[in-house]
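Asks: The following block contains a protein sequence and its predicted model.
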Amino acid sequence: MGGFPWQGATLQALEQRADRQQQRARAIRRHSDQQLLTDVYLIGKTASLALEDVANLPAVERVVRVSEEYRVLGRHRDDKRSTWFEYNGVRFGQDNLNVFAGLCAVNTPEHVEAMMKALHEHGQVCTRMGAYKPRTSPYSFQGYGKACLPYVFELAGRYGIKVIAMEVTHETHVEEIHAALQQTGNPTGVMLQIGTRNTQNFELLKFVGRQREYPVLLKRGFGITLEESLNAAEYLASEGNRNVVFGLRGMKTNMGDPHRNFVDFAHVPVVKRLTRMPVCIDPSHSVGSRDQAPDGLLDVMHVTAQGVIAGANMILVDFHPEPSKALVDGPQALTLDELAYFLEDVRIAREAYEKRCQLAGQHQARSS
Ligand code: PEP
Ligand code: MN
């Protein structure tokens with residue numbers, strides 16, 4: 001076709017040439033099992049470039065013209081990239097919902113087992129288990145760390161748990177998790193959680209972004225803008241790991257009192273519109289108590305339903321077999337005999353969400 005001057009050029013040359021012309025092309029290389037795939041992002045004034053010409057370059061799998069923020073994770077014009085990924089047999093997408101009920105912090109093997117068993121009995125394959133706890137006070141319990149990992153992973157495998165959300169606060173934690181999974185024969189999978197105190201810990205983000213074995217749950221920073229938190233997610237993706245779930249967990253402001261944080265689940269559809277990430281809600285850390293409304297529902301259940309009816313894709317929620325013995329966040333934990341009730345309430349809210357989507361579709365069809 002001859003029109004495209006870089007036909008046959010290497011990707012490196014493409015990048016250099018684009019820079020000279022004050023256009024920008026960024027190539028990201030991804031290894032799959034079989035082959036090297038390369039995505040090219042065209043940024044800036046790139047109207048004169050035909051996407052097909054760049055797509056025809058050797059080794060280029062996909063070309064995306066990027067005009068907005070969040071280059072890799074954002075939704076862009078004519079962007080057909082997926083809004084889901086699969087990990088260890090579990091789908092994480094903007095169109096489905098997974099519940100991660102579990103312990104805020106691991107304490108005894110008996111409590112871990114009771115939790116996993118209850119989840120298994122209720123058809124659940126995901127959980128949350130805190131081994132590394134970032135605490136406000138240096139004198140508070142910091143989590144059992146790597147010592148608890150082998151039995152947590154073995155018990156997860158025994159009860160069919162496929163994904164454990166587990167916070168990491170340092171890169172050595174990722175290595176310890178990896179070693180413990182290997183040592184126990186990979187009985188389960190782990191979603192690395194980056195907590196609200198580390199949303200802008202850029203070196204941690206880069207490290208976790210460079211590994212692609214484990215997906216990442218990035219919590220929104222509790223005192224920064226949404227844009228800053230979404231850029232933090234972009235750090236993970238720009239390093240190569242696009243398997244990122246974005247977590248809403250409430251904002252620190254006394255406007256939210258008496259809740260621990262100001263519940264921000266109205267942003268579920270906003271994050272889904274701006275990015276291709278599945279969105280998680282954490283009702284436990286948002287509300288922070290077992291306070292009950294006059295209608296009989298706990299505030300935790302009310303805000304869970306609010307997030308789910310707005311299209312949330314993942315729920316991270318604290319449960320404990322004996323909340324009075326929990327080492328962290330006992331006052332906000334639900335109990336095991338509330339698990340079936342909680343799941344049913346979630347099912348009702350999800351069904352309502354799906355009906356709302358159908359209604360919106362019918363309305364659009366009528367008015368177009
Ligand atoms: C947690 O999920 O255990 C936690 C500490 O949450 P956050 O980072 O949102 O405070
Ligand atoms: Mn907690």
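Replies: Received, thanks. Ligands and ions are numbered 1, 2, ... in the order given.
Asks: those strands in the stretch 51-200 of the chain, which residues are they?
Replies: All strands of the stretch 51-200 of the chain, identified by DSSP state E, counting those that start in this stretch, fall at 60-66, 84-87, 90-93, 98-102, 126-128, 163-167, 189-194.
Asks: contact partners of the helix or strand just after the last one?
Replies: Same thing as strand 189-194. Using DSSP states H and E, the helix or strand that follows strand 189-194 towards the C-terminus is helix 202-210. By C-beta atoms under 8 Å, 6 or more residues apart in numbering, the residues outside helix 202-210 that reach it are 168-171, 174, 192, 194, 198, 214, 216, 218, 232, 235-241. C-beta coordinates here come from the backbone N, C-alpha and C atoms, glycine included.
Asks: picking up where we left off before, what would the strands of the stretch 51-200 of the chain look like in a markdown table with mean neighbour count and mean pLDDT?
Replies: As requested, these are exported to a markdown table (neighbours: other C-beta atoms under 10 Å; pLDDT from 0 to 100):
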| stretch | mean neighbour count | mean pLDDT |
| --- | --- | --- |
| strand 60-66 | 18 | 74 |
| strand 84-87 | 15 | 98 |
| strand 90-93 | 18 | 98 |
| strand 98-102 | 25 | 99 |
| strand 126-128 | 27 | 99 |
| strand 163-167 | 25 | 99 |
| strand 189-194 | 25 | 98 |
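Asks: okay, those strands in TSV with distance to Tyr151 next?
Replies: Formatted as TSV, the strands of the stretch 51-200 of the chain follow (distance: least, C-beta to C-beta, whole Å):
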stretch	distance to Tyr151
strand 60-66	42
strand 84-87	22
strand 90-93	22
strand 98-102	15
strand 126-128	14
strand 163-167	12
strand 189-194	15
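Asks: could you flag which of the contacts of helix 202-210 are buried?
Replies: Neighbour counting by 16 or more other C-beta atoms under 10 Å classes 168-169, 174, 192, 194, 198, 214, 216, 218, 232, 235-241 among the contacts of helix 202-210 as buried.
Asks: Who are the contact partners of the closest residue to ligand 1 within the stretch 51-200 of the chain?
Replies: Nearest residue of the stretch 51-200 of the chain to ligand 1, counting by C-beta to the nearest ligand atom: Gly195, 2.8 Å away. By C-beta under 8 Å, 6+ apart, the residues touching Gly195 are Pro134, Glu167, Thr169, Lys219.
Asks: try Val303
Replies: The contact partners of Val303, by C-beta under 8 Å, 6+ apart, come to Val263, Phe265, Ile281, Pro283, Ser286, Val287.
Asks: Can you name the residues bridging to the third one?
Replies: Beta bridges link Ile281 to Leu248, Ile315 when assigned by DSSP bridges.
Asks: how about the nearest residue to Gly89, chain neighbours excluded?
Replies: Lys162 (5.7 Å; C-beta to C-beta, 6 or more residues apart in numbering).
Asks: And the pLDDT at the one you found?
Replies: Lys162 carries a pLDDT value of 98.
Asks: Near it, how many other residues are there?
Replies: Per other C-beta atoms under 10 Å, the neighbour tally for Lys162 reads 18.
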